[in-house]
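predicted model, plus sequence, below.
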Amino acid sequence: MAKETFKGIPVTILDAADQLDRRPRATHYGPQAVYELRRAGIMPEVLAEGFTPGKICWRKLDGTYLTGIDNAVLGDDPDRVACLPLGRLGQILLDHIARQPSAEVRWNHRVTGIGQDDDQAWVNVATATGEVTMQASYIVGCDGANSQIRRSLFGDWNFPGKTWDEQIVATNVYYDFHRFGYEDANFIIHPEHWHMASRITTDGMWRVSYGEEGGLTHEQLAERQPIKFQSMLPGNPSPDQYKLVNFSPYRVHQRLAEKMRVGRFLLAADAAHLCNPFGGLGLTGGIADVGGLYDCLYGIYTRRATPDILDLYDRVRREKYTEVIDELSSSNLRRMFTTDADSVLESGSDEFFSMCLKAEKDVELAKELAQGINVIKYDFTQHYLQAGKI
């Protein structure tokens with residue numbers, strides 16, 4: 001992170017694991033996420049290991065191109081979409097945190113309970129040497145979908161929203177999609193074999209995430225994987241024609257916590273809200289949370305803002321999820337398995353597709369679409385007692 005990122009504020013990060021999570025997870029950072037990563041001073045390293053993807057498009061199962069959004073229209077915009085597997089971003093962040101004298105990471109520290117009063121908040125933590133209690137002025141639960149902080153605040157089963165009937169399988173695979181005319185990111189529309197194929201590394205690894213019927217075991221899903229690839233990927237490859245690196249089935253959810261602030265406890269990212277992965281909005285929205293929360297806490301620490309700014313954080317970030325992230329991500333997922341790919345463009349029944357088609361002949365509209373997710377951005381520093389950017 002940039003030399004002055006922590007501004008001398010003491011920060012302790014607790015992680016229940018003993019190392020970074022290496023499983024296949026999110027990879028794409030929308031403009032708002034890139035803005036926050038650039039503010040943190042790490043985008044040069046992100047781009048050194050990753051890349052800026054080109055066109056995002058939608059196709060029929062036979063590969064027929066339907067429409068798309070071309071990120072190239074943004075030119076050298078510093079906040080255009082970037083791609084790097086989340087595990088690599090985690091390592092970059094960890095390396096920068098290690099150089100911050102006011103920050104530390106404690107592995108194998110699992111939160112088991114919480115408490116707070118008017119002056120401080122605390123967590124009970126299980127460690128290798130026994131249970132300890134740690135306290136701070138504010139505690140941020142950024143501990144994922146199964147957040148112990150959220151469950152301690154609201155109850156184990158209180159996470160309003162829905163779980164999709166459709167099950168997702170995420171894979172990382174080496175296969176030359178570009179040989180078949182595929183763009184860097186492709187959403188394939190089909191009632192059975194809907195999937196996404198997106199390049200995620202500079203050495204040719206792709207993320208293929210596809211839908212499966214619910215109720216299948218991990219073993220059944222693994223057994224079906226070669227058949228699914230042969231049925232849905234261009235060229236109908238057999239297993240000897242690609243290299244499968246990771247295979248990870250999971251359920252997908254659209255959920256939002258009741259509150260993102262309860263006294264001195266805050267929630268951010270997956271601990272606060274979940275959405276399906278088709279579009280990168282979960283990762284981008286989570287990073288936007290963290291950037292906004294940083295500004296709020298920094299304002300409080302420097303007495304430029306009162307603690308009430310955290311109530312604004314709660315309201316604004318929940319609204320951004322409800323009105324933008326949930327709506328867009330749900331629409332795109334439904335589009336993939338319910339849209340009639342043969343007639344949707346002719347009928348004009350999909351407003352988003354109609355806009356994409358117009359944008360192919362209208363550069364300004366194309367730029368607007370490519371930057372559309374910027375609506376989740378919010379500048380909390382405008383509410384400082386002495387207005388001004390950090």
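It's in.

quick one: the helices in the stretch 151-300 of the chain, in order.
218-232, 281-301 (DSSP state H, counting those that start in this stretch).

apologies, that question was intended for the stretch 1-150 of the chain.
Listed in chain order, the helices of the stretch 1-150 of the chain (DSSP H, counting those that start in this stretch) span 31-39, 43-49, 86-97, 148-154.

right, and these - which one's nearest residue 252?
helix 86-97 (16.5 Å; C-beta to C-beta). Where C-beta positions appear, they are placed from N, C-alpha and C, glycine not excepted.

just want the angle from that closest one to helix 281-301.
If you take axes from the mean of the first three to the mean of the last three C-alpha atoms, to 10 degrees, helix 86-97 sits at 20 degrees to helix 281-301.

so how far is helix 86-97 off the chain centroid?
Remark: helix 86-97 is offset 15 Å from the chain centroid, using C-alpha atoms, centre = their mean, to the nearest Å.

identify whichever of the helices of the stretch 1-150 of the chain lies nearest to residue 369.
Smallest distance to residue 369 across those (C-beta to C-beta): 11.6 Å, for helix 31-39.

contacts for that closest one?
Residues outside helix 31-39 that contact it (C-beta atoms under 8 Å, 6 or more residues apart in numbering) are 2, 29, 43, 46, 77-82, 89, 283-284, 287-288, 290-291, 370-371, 373-374, 376-377.

and if we set it to 6 Å?
Outside helix 31-39, the residues that touch it by C-beta atoms under 6 Å, 6 or more residues apart in numbering are 43, 79, 82, 284, 287, 288, 291, 371, 374, 376, 377.

now do the contacts for residue 187.
Taking C-beta under 6 Å, 6+ apart, we find residue 187 in contact with 58, 196, 336.

does residue 322 sit in a helix, a strand or a coil?
helix (DSSP: H, G, I helix; E, B strand; the rest coil).

that one and residue 139, how far apart?
Residue 322 sits 25 Å away from residue 139, going by C-beta to C-beta, to the nearest Å.

between these two, which one's more packed in?
Between residue 322 and residue 139, counted using other C-beta atoms under 10 Å, residue 139 has the larger neighbour count: 22 against 12.

nearest residue to the more buried one other than its sequence neighbours?
In space, and not counting its chain neighbours, residue 139 is closest to residue 121: 4.6 Å by C-beta to C-beta, 6 or more residues apart in numbering.

right, and that neighbour touches residue 141 too?
No: using C-beta atoms under 6 Å, residue 121 makes no contact with residue 141, being 10.6 Å away.

which of these two has more residues huddled nearby?
Using other C-beta under 10 Å as the criterion, residue 121 and residue 141 rank with residue 141 on top: 26 against 19.

excluding its backbone neighbours, what's nearest that one?
Once flanking residues are discounted, residue 141 sits nearest to residue 149: 2.8 Å by C-beta to C-beta, 6+ apart.

show the pLDDT at that neighbour.
pLDDT for residue 149: 98.

test my guess that it contacts residue 140.
No: using C-beta under 6 Å, residue 149 is not in contact with residue 140; the gap is 8.1 Å.

alpha carbons of the one helix or strand residue 336 maps to, as PDB, please.
Secondary structure from DSSP states H and E places residue 336 in helix 326-338. Written as PDB, here are the backbone C-alpha positions of helix 326-338 (Å, rounded to 0.1, in the frame of the first residue of the first chain):
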ATOM      1  CA  ASP A 326     -28.300  -7.100  -6.400                       C
ATOM      2  CA  GLU A 327     -30.300  -5.900  -9.300                       C
ATOM      3  CA  LEU A 328     -27.600  -6.100 -12.000                       C
ATOM      4  CA  SER A 329     -26.000  -9.400 -10.800                       C
ATOM      5  CA  SER A 330     -29.400 -11.100 -10.500                       C
ATOM      6  CA  SER A 331     -30.500  -9.800 -14.000                       C
ATOM      7  CA  ASN A 332     -27.300 -11.100 -15.600                       C
ATOM      8  CA  LEU A 333     -27.600 -14.500 -14.000                       C
ATOM      9  CA  ARG A 334     -31.200 -14.900 -15.000                       C
ATOM     10  CA  ARG A 335     -30.400 -13.700 -18.500                       C
ATOM     11  CA  MET A 336     -28.000 -16.600 -19.000                       C
ATOM     12  CA  PHE A 337     -30.400 -19.400 -18.500                       C
ATOM     13  CA  THR A 338     -33.800 -17.900 -19.200                       C
END
